[in-house]
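J.: Build me a model from this:
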Amino acid sequence: LQALASLEGSCPANAETAKFRSALEKTLGKLPKEQNAWATAGASPAETFLWFRRNANYLLADKITGQDSLHNPLPRLLELKHYLDSIGVQLLVVPVPVKEEIYAERLVAGTPADLCVNPAGREFTREMLAAGLDVLDIYPALMAAKAGDEPPHFSYQRYDTHWSLPGMLAAMEQLAARVTQYSWYGDAGAKPGSLNMQETTTLREGDLVAHLPDAEKAKYPADTLPAMKIFKGAEPYKGGKNAPILLMGDSFTGVFESVDQKSGGPGSLLAYATGLDVQVLTSWGGGPGVYHRMMKMKKDMQSKRLVVYMMTARDFWQSPMEWDAL
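T.: Numbering: from 1, shown residues only. Modelled structure (predicted):
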């Protein structure tokens, strides 16, 4: 209810958002139809960013709940909540804002750094809450995290659609705090301090480079990114099937978790912060597909107290992976 109240009128459609929208539409209109990524130069080479067409299209969305039944996420999320309620498991939805709305000032020159450029997306978060879904709104935390940017390191990766360590930590701090507030947390057998964290780095080639014209790809080499790695004793952490928490979703649950340096993604960080085991279920094709896989995990679900459904918010709008009924 507090989150719902805070969203009222927090992202109005006004002259500034209309100006941003018009400029973004012009940029997309100039791109070849087959090109799904493009670059904008910053004040220095370390501040050059790549952007994703589908993320930009999401910022130009109309009313998200006005889509047809195969693309409107709200009925499917409510259906999932009803099922989890029936087996005594709570659902927490965590939409991950796209890089383009967090760094809108770098996407469209002249945009104020604190401007909320996505009225339709913010309204959908409000609609989810109003419909009775529990939603963790990490947008304010990610906007605030920009204050700690130190080029070439940002809250999101420069050449990739995913967050980097500062953005992920800002989100996981909020998520861990929410988990410890649940009434069942005290008797869930939490063991804070049972895992160890080590600082490391990882080399990652941005996923947007492949969407550039061939002649431009060589301009954007792999980035060396700061990372964390979680250990249980001497072994890299991996959540078990009997974990009380299931973290499921798209590649935002898998990056740094099952790829790159591994055992340092959202699941491992959540386990480290809460002292509870966290099972991770990742759909690399997109967030809308993962809940069908969850439905097949009936034995694993017997141990669950909470399902965290975390995915990129762009799949709320015209997702190529349709929101099929359970």
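
J.: and residue 97, what pLDDT?
T.: We have a pLDDT of 98 for residue 97.

J.: do the same with residue 261
T.: For residue 261, the predicted pLDDT is 82.

J.: which stretch of helix or strand covers the nearest residue to it once chain neighbours are set aside?
T.: Nearest non-adjacent residue to residue 261, counting by Cβ to Cβ, 6 or more residues apart in numbering: residue 202, 4.0 Å away. Where you see a C-beta, it was placed from the backbone N, CA and C, and this is true even at glycine. Secondary structure from DSSP states H and E places residue 202 in strand 196-204.

J.: Next secondary structure after that strand?
T.: Under the assignment DSSP H and E, the closest C-terminal helix or strand after strand 196-204 is strand 223-232.

J.: Which parts of the chain are strands?
T.: Ranges of strands within the chain are 37-40, 49-52, 90-96, 196-204, 223-232, 235-236, 245-249, 278-282, 306-312, based on DSSP state E.

J.: Make CSV out of those strands and add distance to residue 147 and mean neighbour count.
T.: CSV is the format used below for the strands of the chain (distance: least, Cβ to Cβ, whole Å; neighbours: other Cβ atoms under 10 Å):
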stretch, distance to residue 147, mean neighbour count
strand 37-40, 21, 19
strand 49-52, 18, 22
strand 90-96, 19, 22
strand 196-204, 21, 14
strand 223-232, 17, 18
strand 235-236, 32, 12
strand 245-249, 27, 26
strand 278-282, 29, 23
strand 306-312, 23, 24
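
J.: if we compare those strands, which one ends up closest to residue 156?
T.: Comparison of the strands of the chain against residue 156 by Cβ to Cβ identifies strand 49-52 as nearest, at 8.5 Å.

J.: right, so of the strands of the chain, which gets closest to residue 158?
T.: Minimum separation from residue 158 across the strands of the chain (Cβ to Cβ) falls at strand 49-52, 5.3 Å.

J.: Just name whatever secondary elements that closest one is in contact with.
T.: The contact analysis (3 or more Cβ pairs under 8 Å, 6 or more residues apart in numbering; DSSP states H and E) places strand 49-52 against strand 37-40, helix 99-102, helix 104-107.

J.: Out of those, which gets nearest to residue 219?
T.: Among these, the nearest to residue 219 by Cβ to Cβ is strand 37-40 (7.8 Å).
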